[in-house]
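**Q** predicted coordinates and the sequence they were generated for:
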Amino acid sequence: VLVTSHPNNAPNILYNLTTFTANDPRRVDVRGQTLRVAADPVCAGTGLVGIAVNTTCPVAVALGANEYSLRVPRTNERRRDGKYGTNLLIGNGSWSYYNALQIEYKKRLSNGISFQAAYTWSKAIDTTSEATNVGAAPDSNFNGPNTRNSRGYSLFHSPQRFTLFGSYKLPFFDKRKDILGRNTFFGDGLNNVDFAFSKNFAMPFESHRLSVRADLFNAFNKIRYGFPNRTYTSAAFGTINTAVNAARVIQVSLRYSF
């Protein structure tokens, strides 16, 4: 990877050099030079300041000035443009494939019993299942635009699904009718009066005229109440707390014609 010659890629910008030892390879200015993967791509750099030994890398491993590894990825040096900390490619285009075998059995209502059973054996494959404009979805594809590398099971892939539901009509209370019919409630009637007053004044100039007009909408400020609350389980059931018309509106206008 060729390191871009940009001020942001200077060692004193990328790191706090005061904490590094004199021979730390991260002190070297590698701008304009090529970085390569270390011979030990996993553990190289172990033992440097901030890179402690661990179970995977139990001993210190040297890292060259022009090398990077999993433990010292040198991500900033490998940026294509030093002006940006992160380059994020977002695309919502994708391919999807769905193949399934579906079996369904229905028993129509007879003797008060009806039920339906369904079984689905399926496979859902796509290149991404959920993409957003910021690339932050749970199934964002980080493999890049390569369709072949991105192909895999969908986020919603469910290989097998079985559903069963049914109903049974009780042999008693079947003659009882306690459900209200349609349009049982009626809203309040409309009682609205609008007025308009106007006066035209002839002006001293030929064909000039001044018109004054006042409009009163819902002049007597009558309220038309809305429907009562129809949610039986609500504490406000049967109460009316809304209006479906506007309050009185007065509009005054002047018009000069010439």
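**A** That came through, no problem.
**Q** just checking, residue 250 touches residue 215?
**A** Yes. With contacts counted by C-beta atoms under 8 Å, residue 250 reaches residue 215, the gap being 7.3 Å. No exception for glycine: its C-beta is placed from N, CA and C like everyone else's.
**Q** determine the number of other residues adjacent to the nearest residue to residue 238 once chain neighbours are set aside.
**A** Residue nearest to residue 238 in three dimensions, not counting chain neighbours: residue 228, with 5.2 Å by C-beta to C-beta, 6 or more residues apart in numbering. Residues near residue 228, counting by other C-beta atoms under 10 Å, number 14.
**Q** in a helix, residue 228, correct?
**A** No. Residue 228: not assigned to a helix; according to DSSP: H, G, I helix; E, B strand; the rest coil it is coil.
**Q** I'd like the distance between it and residue 222.
**A** 19 Å (C-beta to C-beta, to the nearest Å).
**Q** kindly report the same for residue 257.
**A** From residue 257 to residue 222 the distance is 35 Å (C-beta to C-beta).
**Q** looking only at neighbour counts, state which of those two leads.
**A** residue 222 (14 against 10).
**Q** thought the more buried one was touching residue 244?
**A** No. With contact defined as C-beta under 8 Å, residue 222 does not reach residue 244; the gap is 11.8 Å.
**Q** in space, what's closest to residue 48 - neighbours in sequence excluded?
**A** Counting by C-beta to C-beta, 6+ apart, residue 24 is the residue found nearest to residue 48 once chain neighbours are left out, at 6.0 Å.
**Q** same thing with residue 39?
**A** Residue nearest to residue 39 in three dimensions, not counting chain neighbours: residue 67, with 8.0 Å by C-beta to C-beta, 6+ apart.
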